[in-house]
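Chemist: This is a predicted model, with the sequence first.
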Amino acid sequence: MGLEVRFEVAPTPASTPDLHPDAASEIEFADAVTVRAASEWGAIHGLATLAQLAGKSHAITRIHDHPAYPWRGLMIDVARHFIPLPALRRTLDAMSLAKLNVLHLHLTDDQAFRFRSEAHPELASAEAWDAAELTELVAYAADRAIRIVPELDMPGHVTSWLVARPEWGAGSASGPSRRFGVHEACLDPTNPAVLRAVETLLGELADIFPDPFLHFGGDEVNGTWWNAHEGVQTLMRSQGFRAADVQADFNRKLTTIIRQLGRRPLAWDEALHPALARDTLIQAWRGNQARDAALAAGFDCVLSAPYYLDLFYPASLHHCFDPGGDLAAAEDRLLADDRTRHVREGLQWMAGFASFPGLPDAPAGGEGRILGGEACLWSELVDEGCLDSRLWGRLPAIAERFWCGSEAEEAGLLERTVAFQGSLARLGIVPEDSETRRRAFPELAPIEPLVEMLEPVKWYRRLLGAAFERRVSGLGESGVARPYDADTPLNRLVDHLPPESLASRRAEAELDAGGDMQRWIEGWRRQREAISELAEVDAGLRDASRALGELADILDDGDCSMAPEEIDALAGPFDEYLLPLAHAVARRRR
Ligand code: ACM
């Protein structure tokens, strides 16, 4: 039988949400359910709350719900891999259910330019969206109380722009690039045609996207081209500029354009500079100190550093960061977690990666405000086929933190995340991860007890491959090829393994609670036998299989003589796979 739901919603004049939509709702459960809200946006969030309660028995009579932060975002890099519109639409459906309200599209990068501009159609990659398609997406998002923020990343990350417009570069490159990592390509800020084109492109985006913000990127500018460019060198000498000041001068022009378009500028935290326009919103990504540097200098801030979904962390390690909370304590937790042990040097290297010199620390306008957080999905290792599993095992936990702020509870997080994924599957929005994986690799069914325990390695270890050790020891990557580029097919098991193994979490919890592991042990022994029957299995999987068999033996044999450190080593990494269960077994022995 259907449930009657009544809505009492105040008239909402705007057709798209703004920065501070009235997002609160009240739900009353009586003979019928009544959702009351001061705006359509609040009513949509109330409906999401109801959808999550559906099918569960509860004794709630009234819910008052409102978000801790107005900015609850997700950035998707649609440049490294193209994400088709149907996948973006189902992502918006799922975001709405999670009460996330900002989709930030990183439209351009070295590998592709995904916006088919009317004035500059020559810039567009083969796979790109035109104004009509994007306008439709904006409306689809607004119907789900979600804003869309477009980003044109500049002056770096522009190799793809220079394919059709080499004269806009401060050097030359062949492009678009297929490799990943920071590139030298950089716009020539002294060329008036560059500013004219950027003004045109931003103007077109402002016509399509009604959002109050326009993102101009600004990250990872490599100074090599500017240092060798006559015009830039003349500018530097005449003004006494360093490379950071050249970028700040370019940013000053961009922020003026953006303000003239009636929008607020938004940029990655490299834009922080004493000369940066104070109304620029800073997206803090280079370590957690970026947030405090921005706030102290008087800039409003959205926190992204702890929410990089492409680092393959488990949900709880994202969830422990509150955008407005004690980031250092959460960082300590991330560093101390067994599951990040194999990349600890990388995490430590990253913690000291950015500095923010020369910022005023007592601005006249007072401290900036934290508007919220934004999870980021960089797509070097993500395409349409694995998009869902890269998002929905962790994003519900992050969304909960953005909605609940300091009141988010850790207890029961995994169960809530699993329930959320169940809702997505039940509503036909996104299938369960395990279903997609089993469909893609039916031949691995005999070793399911192994496959379900595996996770991809963390941090940038997949992306860097053999360059990982060189990078974290400060040697740089020269001479060591990365294992992936934009043409590498993402069709192996590791591409379809969820970043967090629910089976492993369940087995670890049972082990920690001293439960009976016999059923698990049988499966782990069975997979060891079964793998020898499989013809095409990569070496990493075979090594992980042996390790899991060994863990089964250790658990079955109370007198194991292995030291905890030796047991920890059974976690791997095995090529790109990790077996986090080993750490839980080692813990039992300590
Ligand atoms: C970034 O991750 N390059 C903003």
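Modeler: Arrived safely, thanks for sending.

Chemist: What's the local residue count around Ala228?
Modeler: Residues lying near Ala228 (other Cβ atoms under 10 Å) number 12. Every C-beta, even on glycine, is put in place using the N, C-alpha and C of the backbone.

Chemist: Identify the residue nearest it in space, chain neighbours excluded?
Modeler: Once flanking residues are discounted, Ala228 sits nearest to Gly171: 6.6 Å by Cβ to Cβ, 6 or more residues apart in numbering.

Chemist: can you pull the buried residues of the helix or strand bottoming out on mean pLDDT in the chain?
Modeler: Ranked by mean pLDDT, DSSP states H and E, the helix or strand of the chain with the weakest confidence is helix 467-472, at a mean of 80. For helix 467-472, burial by neighbour count (16 or more other Cβ atoms under 10 Å) applies to Ala467, Phe468, Arg471, Val472.

Chemist: Name the surrounding residues that touch the one helix or strand Val232 maps to.
Modeler: For Val232, the host element (DSSP states H and E) is helix 230-239. Residues outside helix 230-239 that contact it (Cβ atoms under 8 Å, 6 or more residues apart in numbering): 170, 188-191, 225-227, 241-243, 245-246, 249.

Chemist: Filter those residues down to the buried ones.
Modeler: If we count by 16+ other Cβ under 10 Å, the contacts of helix 230-239 have these buried: Ala170, Asp188, Pro189, Thr190, Asn191, Trp225, Trp226, Phe241, Ala243, Asp245, Val246, Asp249.

Chemist: and the strand or helix carrying Val198, which residues are buried?
Modeler: If you go by DSSP H and E, Val198 is part of helix 192-208. Judged by neighbour count using 16+ other Cβ under 10 Å, the buried positions of helix 192-208 are Val194, Leu195, Ala197, Val198, Glu199, Leu201, Leu202, Gly203, Glu204, Leu205, Ala206, Ile208.

Chemist: Would you tell me what the next helix or strand after it is?
Modeler: Defined by DSSP H and E, the subsequent element after helix 192-208 is strand 213-215.

Chemist: going on from that following strand, what's the next piece of helix or strand?
Modeler: helix 224-227.

Chemist: Which residue in the buried ones among the contacts of helix 230-239 has the weakest pLDDT?
Modeler: Lowest in pLDDT among the buried ones among the contacts of helix 230-239 is Ala243, which has 91.

Chemist: how about the nearest residue to that one, chain neighbours excluded?
Modeler: In space, Ala243 is closest to Gly223, 3.9 Å off (Cβ to Cβ, 6+ apart).

Chemist: Same question for Asp322.
Modeler: Using Cβ to Cβ, 6+ apart, the closest residue to Asp322 is Ser406 (5.5 Å).

Chemist: And for Ala503?
Modeler: Nearest non-adjacent residue to Ala503, counting by Cβ to Cβ, 6+ apart: Glu452, 3.9 Å away.

Chemist: Show me which residues of this protein are close to the ligand?
Modeler: By the rule Cβ under 6 Å from any ligand atom, the part of the chain lying against the ligand is Asp219, Glu220, Trp268, Trp285.

Chemist: Need the buried ones from the residues you listed selected in ChimeraX.
Modeler: Command for ChimeraX that selects the buried part of those, burial taken from 16+ other Cβ under 10 Å:
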select :219,268,285
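
Chemist: tell me the two of the residues of the chain next to the ligand that are most distant?
Modeler: Spatial extent of the residues of the chain next to the ligand (Cβ to Cβ) is set by the pair Glu220 and Trp285 at 10.1 Å.

Chemist: and stretch 49-58, C-alpha only, in PDB?
Modeler: This file holds the C-alpha atoms of stretch 49-58, laid out as PDB (Å, rounded to 0.1, in the frame of the first residue of the first chain):
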ATOM      1  CA  THR A  49      15.400  11.600   4.300                       C
ATOM      2  CA  LEU A  50      12.100   9.800   3.800                       C
ATOM      3  CA  ALA A  51      13.500   7.700   1.000                       C
ATOM      4  CA  GLN A  52      16.300   6.500   3.300                       C
ATOM      5  CA  LEU A  53      13.800   5.600   6.000                       C
ATOM      6  CA  ALA A  54      11.600   3.700   3.500                       C
ATOM      7  CA  GLY A  55      11.400   0.000   4.300                       C
ATOM      8  CA  LYS A  56      12.800   0.400   7.800                       C
ATOM      9  CA  SER A  57      10.600   0.200  10.900                       C
ATOM     10  CA  HIS A  58      11.000   3.200  13.200                       C
END
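
Chemist: Quick one, grab the pLDDT at the closest residue to the ligand within the chain.
Modeler: In the chain, no residue comes nearer to the ligand than Asp219, which is 4.0 Å away by Cβ to the nearest ligand atom. If you check Asp219, the pLDDT there is 98.

Chemist: Can we start the residue count at 418 from this point?
Modeler: Right, with 418 as the first residue, what we last looked at is Asp636.

Chemist: so it makes contact with Asp570?
Modeler: Yes: taking Cβ atoms under 8 Å as the definition, Asp636 is a contact partner of Asp570 at 6.9 Å.
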